[in-house]
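Participant: sequence isn't available, so here's the structure alone:
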């Protein structure tokens, strides 16, 4: 029995804003979904539910294995359990 045969974990990267005109935060959203359209829809719904007023999503792809550092390791586990996991971070430009 291989638990990894479930839906793969999708990661979506981009930027989010808590208020219009505010400073953006980098975001990684991890979740399981049957296709990319469903993944984007679930990600946007979860971000809105967390109070983000704007999101720009840049890339989407499947995770190739479990991350080995926090907070991504916990986010990955949450995604395997059916949650939409959101990791935000300050961007450096």
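Facilitator: Nice, I can see it. Bear in mind that the values here come from a model prediction, so they are computed numbers and not experimental data. Numbering: from 1, shown residues only.

Participant: any idea how far the residue nearest the centre of the chain lies from residue 63?
Facilitator: Centroid-nearest residue in the chain, with CA atoms, centre = their mean: residue 29, separated by 0.5 Å. Using CB to CB, to the nearest Å, we find residue 29 at a distance of 12 Å from residue 63. Where C-beta positions appear, they are placed from N, C-alpha and C, glycine not excepted.

Participant: now do the shared contacts for the two.
Facilitator: Contact criterion CB atoms under 8 Å, 6 or more residues apart in numbering; residues shared by residue 29 and residue 63: residue 11.

Participant: residue contacts, the residue nearest to the centre of the chain?
Facilitator: 11-14, 43, 46-47, 84-87.

Participant: do the same with residue 39
Facilitator: Residue 39 makes contacts with 10, 12, 31, 33, 60, as judged by CB under 8 Å, 6+ apart.

Participant: would you agree it falls within a helix?
Facilitator: Yes: Residue 39: assigned to a helix according to DSSP: H, G, I helix; E, B strand; the rest coil.

Participant: strands of the chain, residue ranges please.
Facilitator: Here the chain has its strands, by DSSP state E, at 9-17, 25-32, 54-62, 85-90.

Participant: now the third one against strand 9-17, angle please.
Facilitator: With axes from the mean of the first three to the mean of the last three CA atoms, to 10 degrees as the criterion, the two stretches strand 54-62 and strand 9-17 enclose an angle of 160 degrees.

Participant: residue contacts, residue 15?
Facilitator: Contacts of residue 15 by CB under 8 Å, 6+ apart are 24-27, 55-56, 58, 91.

Participant: hmm, 10 Å instead?
Facilitator: Neighbour list for residue 15: 23-27, 52, 54-58, 88, 91 [criterion: CB atoms under 10 Å, 6 or more residues apart in numbering].

Participant: what's the answer for residue 77, then?
Facilitator: Counting by CB under 10 Å, 6+ apart, residue 77 has contacts 9, 30, 66-67, 83, 85.
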